[in-house]
Structure formats: C-alpha cells, structure tokens
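Enquirer: How does the following fold in three dimensions:
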Amino acid sequence: MKNNAVIRSARLADAAELSALMRRTFLAANGHCSTPENLAAFLEATYRPELQAREIRDPDTLTLIVEQDGQWAGFAQLRWGTPTPAEVGPLPTVELGRIYLDAAFHGRGIAARLVANLLAAASLRGSRSVWLSVWQEAPQAIRFYKKHGFQIVGRSVFMVGEDPKQDWVMTQALPQG
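Expert: This is a model prediction of the structure:
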C-alpha cells in the first residue's frame, strides 16, 4: 500500500479536531484498561480542545499531525522540560509524550515515518536522547518501540483517572555529530 502520508506541525485551528482524535485513539488502544469512570476522568483531564490549544502554543511541545488522503491518520508529541526519569540519558533529553495512529492506518509504515520525524526534530533541538513510557500490557507498542531503537531502562506509573497503570520507561540515545 502506498504511503503518501503528510506529517505537519499542528496549528491552533486544529485543536478541536486534534482533541477528538486523541480521545478516539486513546480509547481504541487503551479503552479496556480501566473502568468507564476512570477512563472518562482521564479523557476529561487530558483531551479537551483548550488543553490541546495550550499544547500547540507551548514552545516546549511539538505536536505533529499525520494526514493521508485528506484524512487525519494520527499524531505525536515531543515534550521538552518534563521531569526526566533517573534512568534516562544522555542528557539533555526529550519525552516522546504521545504517538497514536487511527487503527485504519496501521500497517502502512506511517508510524515509522512519524518516529523518524520525531527523532530528527529532537536532534535538531539539541536533545541527546528521547524517552517514553509505555503500558507494560501493550506488547504491540513495546515491540514497535524496540524495533525503532528504544530499550527498557526502568518503570513508571501512569494514572488513568484514579487507576494506576504500570509502565515501562524506554529510551534511546540519538546520533551525535
């Protein structure tokens, strides 16, 4: 299948559609992970147009949107300045905070292109490594990150509402030079 995806920076006018995509893809990937009440609390606290607008305006957050054939396929975010787990290095580092594709676009090579863009953007801004956290019960995501050079270096807890989820902390050093 042809991969003619376009990767671009999010614009302020994208906030509402981005928020809807974030909710939809989070639920598709993780909707089974907690109670409806905890999921609703997480979605309300995390994915609202005004929050995504704030992220788009934040100079320490890079939000990328992927479009294919006129449809939004997914998104990703790099976040500079978030607290870095002790196991992560070399410094300075950046968090790959979110990366999701709509299920209809899985298996087309889009996610690999998106990761390559994120790693290039991190290098251009002077980061020496990239880190992320991933739910320990998401084997497909863990395999994807390992395939793209990330390795498990620690553990963290991710809250879905009031429900703690055990995550792996993964990192990769970026080429220097």
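
Enquirer: Quick one: the strands in the chain, in order.
Expert: Using DSSP state E, the strands of the chain run over residues 6-9, 61-68, 71-79, 93-101, 129-135, 151-160, 163-173.

Enquirer: The last one packs against which elements?
Expert: Just to be clear, that refers to strand 163-173. strand 129-135, helix 139-147, strand 151-160 (3 or more Cβ pairs under 8 Å, 6 or more residues apart in numbering; DSSP states H and E). The C-beta positions use only the backbone N, C-alpha and C, and glycine is treated the same way.

Enquirer: any weak-confidence spans in the chain?
Expert: The chain contains residues with pLDDT under 70 at 1-3, 177.

Enquirer: between the helices and strands packed on strand 163-173, which one is nearest to Tyr100?
Expert: Among the helices and strands packed on strand 163-173, helix 139-147 comes nearest to Tyr100, with 9.7 Å by Cβ to Cβ.

Enquirer: if we can go back for a sec, okay if I get the strands of the chain as JSON lines plus distance to Ala28?
Expert: Converted to JSON lines, the strands of the chain look like this (distance: least, Cβ to Cβ, whole Å):
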{"stretch": "strand 6-9", "distance to Ala28": "20"}
{"stretch": "strand 61-68", "distance to Ala28": "15"}
{"stretch": "strand 71-79", "distance to Ala28": "11"}
{"stretch": "strand 93-101", "distance to Ala28": "8"}
{"stretch": "strand 129-135", "distance to Ala28": "14"}
{"stretch": "strand 151-160", "distance to Ala28": "15"}
{"stretch": "strand 163-173", "distance to Ala28": "16"}
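
Enquirer: nearest residue to the residue most central in space within the chain other than its sequence neighbours?
Expert: With distances taken as Cα atoms, centre = their mean, the residue of the chain nearest its centroid is Arg98 (1.4 Å). Excluding its sequence neighbours, the residue lying closest to Arg98 (Cβ to Cβ, 6 or more residues apart in numbering) is Gln77, at 4.5 Å.

Enquirer: One more: Gln151?
Expert: Met170 (6.2 Å).

Enquirer: do Leu174 as well
Expert: Nearest to Leu174 is Ser123, by Cβ to Cβ, 6+ apart, at 5.0 Å.

Enquirer: same question, Leu132
Expert: Leu96 (4.2 Å).

Enquirer: So Gly154 versus Ser133, what's the distance?
Expert: 9 Å (Cβ to Cβ, to the nearest Å).

Enquirer: Identify the contacts common to those two.
Expert: The overlap between the contact sets of Gly154 and Ser133 (Cβ atoms under 8 Å, 6 or more residues apart in numbering) consists of Trp168, Val169.
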